[in-house]
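> how would this look folded up:
(one chain, ligands or ions: 1)
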Amino acid sequence: MAILFTLSSSAFLPPLKPITPFSSLVKSRTLLVKRSIFISSSLQQSTEPAVSLQTFWKWLGDQGVVLKKSPARPGVVPEGLGLIAERDIAKNEVVLEIPKKLWINPDAVAASDIGSVCSGLKPWVSVALFLIREKLKEDSTWRPYLDILPESTNSTIYWSEEELAELQGSQLLRTTLGAKEFLQREFLKVEEEVLVPHKELFPSPVTLDDFMWAFGILRSRAFSRLRGQNLVLIPLADLINHSPDITTEDYAYEIKGGGLFSRDILFSLRSPISVKAGEQVLIQYDLNKSNAELALDYGFIERKSARNVYTLTLQISESDPFFGDKLDIAETNGLGETAEFDIVLGSALPPAMLPYLRLVALGGADAFLLESIFRNTIWGHLEMPISRANEELICRVVQDACKSALSGYHTTIEEQQCFLHKLYARGYLKENPHTGFRMKS
Ligand SMILES: C[S@@+](CC[C@H](N)C(=O)[O-])C[C@H]1O[C@@H](n2cnc3c(N)ncnc32)[C@H](O)[C@@H]1O
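Now for the predicted structure:
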């Protein structure tokens with residue numbers, strides 16, 4: 001019986017969900033600890049934020065996107081940049097509308113100079129190359145937007161080795177290292193297939209750092225799950241920050257219009273709650289992401305314990321003499337050779353976890369249950385203990401796996417809490433009016 005403790009692979013790519021950041025390099029660690037936490041730091045704009053913002057706002061005005069009466073405009077906020085209400089905004093009121101001509105998505109790439117060489121690429125890779133190329137071009141028409149994008153985000157993929165050492169033992173560390181390796185592989189591939197053969201289109205050398213920058217931008221700011229759109233960057237809309245207190249993801253944004261004249265298509269963002277003039281307009285990014293996913297995608301985490309998920313990966317070993325029967329039973333019940341279960345402290349175990357564990361451990365005197373005559377009823381049996389031997393085996397294996405996983409940590413929970421308290425006592429943490437505590441730079 002093999003028990004693997006790994007992070008779910010869905011923690012990085014493809015599902016690029018709604019998003020948006022922007023930061024500049026100020027090598028200051030920020031730590032918000034009340035409603036959300038910046039776990040690392042270094043937000044930095046490529047130019048002075050206020051100047052860049054003004055240029056960006058004017059650029060949007062020139063495109064006819066924003067008007068004097070726009071309900072919200074960009075501003076500097078504790079989370080970097082954000083959208084600030086110019087007047088009171090009602091719940092569900094439209095805050096901004098961005099026409100398709102300003103969306104950066106695979107269609108925009110296809111219509112660009114690099115479209116012909118990007119057609120076979122994964123959508124996110126093509127958009128990443130587009131962003132990098134425009135960023136390296138002095139005279140890019142996207143310059144005002146590019147200048148408000150951060151040089152890096154707080155995502156753990158940008159953490160230094162010393163910072164990553166703080167994550168020792170955690171699944172987040174494994175996912176982060178996995179994501180970095182994945183990015184390296186993707187970069188080598190794109191270098192060989194696109195960048196080197198088409199140097200005329202990419203005159204300035206594109207580096208792995210550039211590629212990681214673009215990945216972080218997309219990961220933290222691209223919207224997905226929109227009608228017909230798998231991945232789209234929407235300038236201005238991507239300035240909206242996340243609030244842990246907003247508990248609905250519904251209707252915050254949608255695509256309007258379309259039909260015959262696709263130029264009329266708009267991305268429309270509504271405020272999910274009423275907002276007073278001068279306050280930030282905020283949305284809920286994703287109710288289903290764990291803190292590890294939030295940390296990897298956006299560089300912050302929440303204090304809600306429901307976000308603290310440990311993903312237990314279980315597997316039916318190929319060397320198991322009953323491998324075929326077990327796999328058949330697992331597949332009949334919507335599972336497979338490996339199965340991942342998200343465990344949340346204080347919540348019930350995922351319903352299929354114990355039956356799957358019992359199935360994986362099944363053998364000896366209990367093996368008769370694997371016979372085909374029990375095929376339709378076995379799952380019902382597995383929902384209750386099968387035998388003392390089977391139950392003891394799963395307890396022992398899970399205990400051993402937990403001990404082994406915990407031994408990876410170099411500090412105890414108490415030591416970590418003590419560390420945070422010391423930071424607070426020494427004044428390194430200060431209260432943030434919007435999102436909690438933030439570490440002083
Ligand atoms: C979609 S962007 C929003 C705009 C971004 N604040 C900026 O300066 O460009 C998402 C990023 O904003 C920051 N952010 C958004 N909501 C946050 C929150 N509640 N706490 C901390 N950081 C947040 C994170 O850096 C995240 O990666």
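
> give me every residue that touches Thr176.
With contact set as C-beta atoms under 8 Å, 6 or more residues apart in numbering, Thr176 has these partners: Thr156, Ile157, Trp159, Leu164, Leu167, Leu296. Using the backbone N, CA and C atoms, a C-beta is placed for each residue, glycine as well.

> which SSE is the fourth one in?
By that I understand Leu164. Element membership of Leu164, judged by DSSP states H and E, is helix 161-165.

> got the contact list for that helix?
Ser40, Thr156, Leu173, Thr176, Leu177.

> my read: the second one touches Leu296, true?
Yes: the criterion here is C-beta atoms under 8 Å, and Thr156 meets it with Leu296 at 5.6 Å.

> between the two, what contacts are shared?
With C-beta under 8 Å, 6+ apart as the test, Thr156 and Leu296 both reach Leu172, Thr176.

> any idea how far Leu83 is from the residue nearest to Tyr298 when sequence neighbours are not counted?
Nearest residue to Tyr298, sequence neighbours excluded (C-beta to C-beta, 6 or more residues apart in numbering): Ser220, at 5.1 Å. Using C-beta to C-beta, to the nearest Å, Ser220 is found at 16 Å from Leu83.

> which one of those two has more residues nearby?
Using other C-beta atoms under 10 Å, the more surrounded residue of Ser220 and Leu83 is Leu83, with 29 against 24.

> pull up the residues of the stretch 151-300 of the chain that are close to the ligand.
Contacts of the stretch 151-300 of the chain with the ligand, taken as C-beta under 6 Å from any ligand atom, map to Thr153, Asn154, Ser220, Arg221, Asp238, Leu239, Asn241, His242, Tyr298, Gly299, Phe300.

> let me know the secondary structure of the closest residue in space to Leu167 that isn't next to it in sequence.
Distances taken as C-beta to C-beta, 6+ apart place Leu173 nearest to Leu167, at 3.9 Å, with adjacent residues excluded. On the three-state scheme (DSSP: H, G, I helix; E, B strand; the rest coil), Leu173 is labelled helix.

> now Thr313
Thr313 ends up strand, using three-state DSSP.

> run a quick neighbour tally on it.
18.

> that one and Gly336 touch, don't they?
No: counting by C-beta under 8 Å, Gly336 is not a contact partner of Thr313; they are 11.3 Å apart.

> how about the strands in the stretch 301-441 of the chain?
For the stretch 301-441 of the chain, the strands defined by DSSP state E, counting those that start in this stretch occupy 309-315, 338-344, 429-432, 436-439.

> same deal with the stretch 101-250 of the chain?
So, for the stretch 101-250 of the chain - with DSSP E, counting those that start in this stretch - the strands run 241-242.

> ok, for the residue sitting nearest the centre point of the chain, nearest residue in space, not its chain neighbours?
Nearest residue to the geometric centre of the chain (C-alpha atoms, centre = their mean): Asp297, 3.1 Å. Nearest residue to Asp297, sequence neighbours excluded (C-beta to C-beta, 6+ apart): Arg219, at 5.1 Å.

> the closest residue to Pro123 other than its chain neighbours: how many residues sit nearby?
Nearest residue to Pro123 in three dimensions, chain neighbours excluded: Pro106, at 4.4 Å (C-beta to C-beta, 6+ apart). Neighbourhood size, Pro106 [other C-beta under 10 Å]: 22.

> contacts only, for the residue with the largest distance to the centre of the chain.
The C-alpha centroid of the chain is most remote from Ala365, which lies 45.7 Å away (C-alpha atoms, centre = their mean). Neighbouring residues of Ala365 by C-beta under 8 Å, 6+ apart: Ser387, Ala389.

> which residues of the stretch 51-200 of the chain fall in helices?
For the stretch 51-200 of the chain, the helices defined by DSSP state H, counting those that start in this stretch cover 106-110, 115-118, 123-136, 143-146, 161-165, 171-190.

> among the ones you listed, which comes closest to Ile89?
helix 143-146 (23.6 Å; C-beta to C-beta).

> got the contact list for the closest one?
With C-beta under 8 Å, 6+ apart, helix 143-146 has contacts from Ser46, Ser52, Thr55, Phe56, Lys58, Trp59, Leu131, Glu134, Lys135, Ser140, Pro235.

> wouldn't the fourth one be in contact with Arg73 here?
To tie it back to what came earlier, the one meant is Phe56. No: assessed by C-beta under 8 Å, Phe56 is found out of contact with Arg73, at 10.0 Å.

> which one of those two has more residues nearby?
More neighbours surround Phe56 than the other of Phe56 and Arg73, with 24 against 17 (other C-beta under 10 Å).

> quick check: the more buried one vs the ligand, distance?
11 Å (C-beta to the nearest ligand atom, to the nearest Å).

> sketch out the low-pLDDT regions of the stretch 1-150 of the chain for me.
Across the stretch 1-150 of the chain, the ranges flagged by pLDDT under 70 are 1-48.

> related to what we said a few turns ago, mean confidence for the helix holding Leu164?
Mean pLDDT, computed over helix 161-165, is 92.

> got the buried residues for that helix?
Residues of helix 161-165 classed as buried: Leu164 (neighbour count, 16 or more other C-beta atoms under 10 Å).

> quick one: distance of that helix to the chain centre.
Distance of helix 161-165 from its chain centroid, counting by C-alpha atoms, centre = their mean, to the nearest Å, is 20 Å.

> look up phi and psi at the closest residue to Asp250 other than its chain neighbours.
In space, and not counting its chain neighbours, Asp250 is closest to Pro272: 7.9 Å by C-beta to C-beta, 6+ apart. In terms of degrees, to the nearest 10, the main-chain angles of Pro272 are phi -70, psi -10.

> kindly report the same for the one 3 residues further on.
With angles defined as degrees, to the nearest 10, Val275 sits at phi -130, psi 140.

> what residues are up against it?
Val275 neighbours (C-beta under 8 Å, 6+ apart): Ala85, Asp88, Ile89, Val281, Leu282.

> just curious, which of these is nearest to the ligand?
Closest approach between these and the ligand, by C-beta to the nearest ligand atom: Leu282, at 7.5 Å.

> that closest one: which element?
strand 280-283.

> need the residues that contact that strand.
Contacts with strand 280-283, where a contact means C-beta under 8 Å, 6+ apart, come from 18, 72, 77, 82-85, 89, 95, 240-243, 246, 249, 252-253, 269, 271-273, 275, 434.

> is stretch 103-114 positioned near the ligand?
No: applying C-beta under 6 Å from any ligand atom, one finds stretch 103-114 separated from the ligand by no less than 13.8 Å.

> and the end-to-end length of that stretch?
End-to-end distance of stretch 103-114 (C-alpha to C-alpha, to the nearest Å): 16 Å.
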